[in-house]
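Trainee: let me see the structure of the following:
(one chain, ligands or ions: 1)
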Amino acid sequence: MEFPKIGFGTWTLGGRREPNPNNDDAADISAIKTAVKMGLRHIDTAALYAGGKTEELVGAAAKDFRRVDLFVASKVLSSRMRYDEVLQECENSLKRLNMDYLDLYYIHFPSSEIPHEETARAFNRLRAEGLVKNFGICNAKIETIESYQRHLDAPFFASQNHFNLIAREPQKTKLVDYCLENKIHFIAWRPIQTDLPERNIKSLASRGAYPLLDEMADKYGKTNAQIAVRWLTRQENVSIIFKSGKPEHIREIIDAQDFKLLPEDWKSLSDNFPRQEAVGFDSRGPLPLG
Ligand SMILES: NC(=O)c1ccc[n+]([C@@H]2O[C@H](COP(=O)([O-])OP(=O)(O)OC[C@H]3O[C@@H](n4cnc5c(N)ncnc54)[C@H](OP(=O)(O)O)[C@@H]3O)[C@@H](O)[C@H]2O)c1
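Mentor: Residues are numbered from 1 along each chain as shown. Below you'll find the predicted structure:
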């Protein structure tokens, strides 16, 4: 089956780095189920999200569906990348998800301290035991991907990176091209970009923040978020994962696939978008690939 262009992200469902004691779990489970019912089968989560609680919410939502109809990805904590830790972390994730295997297991952040060979050896064992079907890596530059790859028994399936009209590091470092050439799915995280007032960055969904985006949205009769997503998914081998707790927003992003963004408009957005950052970032500031 072709790898889906659009997947569902789960960061902030259940909390941020810690579980939110006042979280509306039923609403979050319902959002995940809505996404799947609307046709999204790729669900992205991580041990980091809400201290593991997000995986439990994904597990609760997934109960209503056949496991084979879902493509579930999770990520190992960067602080737990020693051989035994990775094995234990994967088991913990599977328990929380109430699943027998992960379709994709990522290194969440590359390590400059733990030998790549050691982490890779644990990933190989997880795959040999059938607990993990595919290997992935997040937030890594080309050399780092190659360094881990040398010790893995199977090629990386996916690279996940901050990529959108503003966050351009993977484009500028040619990582997007590298993934295409090496048959590694490139998965863009934060495709809509959340507001970051401390960095004076507005969400790509906001009307009036970026006149070029307003202009394209008017031309195609689409929303700003749809244009921003289409700019990504129009690229060969590029998929996205986005998060929304609102059915109408989920529908909107799925519907961003149903129109053709003309090559000249793709190029204009690519070249002329007013706010481009050469390195990835979050609320802490610039975060270059590791
Ligand atoms: N590997 C990594 O290191 C890493 C890092 C960050 C994220 N990720 C993954 O990537 C996923 C996506 O990134 P993200 O959640 O940070 O950012 P995102 O998906 O780009 O943006 C999420 C925000 O956009 C809003 N939104 C969604 N659809 C919208 C629409 N149609 N119109 C207007 N607003 C809309 C959501 O609000 P509503 O809920 O109100 O719709 C939410 O506030 C994460 O959930 C996570 O799974 C991975």
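Trainee: quick one: mean pLDDT over stretch 15-31.
Mentor: When the per-residue pLDDT values of stretch 15-31 are averaged, the result is 98.
Trainee: how about residues contacting it?
Mentor: 13-14, 48-54, 57, 60-61, 244-247, 250 (Cβ atoms under 8 Å, 6 or more residues apart in numbering). (Each C-beta comes from the backbone N, C-alpha and C, glycine too.)
Trainee: span of that stretch from start to end?
Mentor: For stretch 15-31, the first and last residues are 14 Å from each other (Cα to Cα, to the nearest Å).
Trainee: those helices in the stretch 51-200 of the chain, which residues are they?
Mentor: With DSSP state H, counting those that start in this stretch applied, the stretch 51-200 of the chain shows helices at 53-62, 83-97, 116-128, 142-149, 169-172, 175-181, listed in chain order.
Trainee: ok, which of the contacts of stretch 15-31 also contact the ligand?
Mentor: 244-246 (Cβ under 6 Å from any ligand atom).
Trainee: gap between the helix or strand hosting residue 239 and the chain center?
Mentor: Under the assignment given by DSSP states H and E, the secondary-structure element containing residue 239 is strand 238-242. Distance, stretch centre to chain centre, for strand 238-242: 6 Å (Cα atoms, centre = their mean, to the nearest Å).
Trainee: and if you look at stretch 100-118?
Mentor: Its chain's C-alpha centre and that of stretch 100-118 lie 15 Å apart, by Cα atoms, centre = their mean.
Trainee: for the stretch 1-150 of the chain, which residues are neighbours of the ligand?
Mentor: So far as Cβ under 6 Å from any ligand atom goes, the stretch 1-150 of the chain lies against the ligand at 9-11, 44, 108, 138-139.
Trainee: so, low pLDDT: which residues of the stretch 101-250 of the chain?
Mentor: Counting by pLDDT under 70, the stretch 101-250 of the chain contains no low-confidence segment.
Trainee: I'd assumed residue 195 was in contact with residue 202.
Mentor: Yes: counting by Cβ atoms under 8 Å, residue 202 does reach residue 195; the two are 5.7 Å apart.
Trainee: circling back: can I get the residues of the stretch 1-150 of the chain next to the ligand in TSV including neighbour count and distance to residue 240?
Mentor: What follows is these, written out as TSV (neighbours: other Cβ atoms under 10 Å; distance: Cβ to Cβ, whole Å):
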residue	neighbour count	distance to residue 240
9	25	9
10	25	14
11	18	13
44	28	10
108	22	18
138	22	14
139	23	16
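Trainee: and which of those residues is nearest to residue 239?
Mentor: When those are compared for distance to residue 239, the smallest value, 10.2 Å, is given by residue 44; criterion: Cβ to Cβ.
Trainee: and that closest one, backbone torsions?
Mentor: Residue 44 has phi and psi values of phi -110, psi 130 when expressed as degrees, to the nearest 10.
Trainee: okay, and the beta partners of the closest residue in space to it that isn't next to it in sequence?
Mentor: Distance criterion Cβ to Cβ, 6 or more residues apart in numbering; nearest residue to residue 44, sequence neighbours excluded, is residue 241 at 4.4 Å. With DSSP bridges as the criterion, residue 241 is bridged to residue 7, residue 189.
Trainee: burial count for residue 241?
Mentor: Counted with other Cβ atoms under 10 Å, the neighbours of residue 241 add up to 23.
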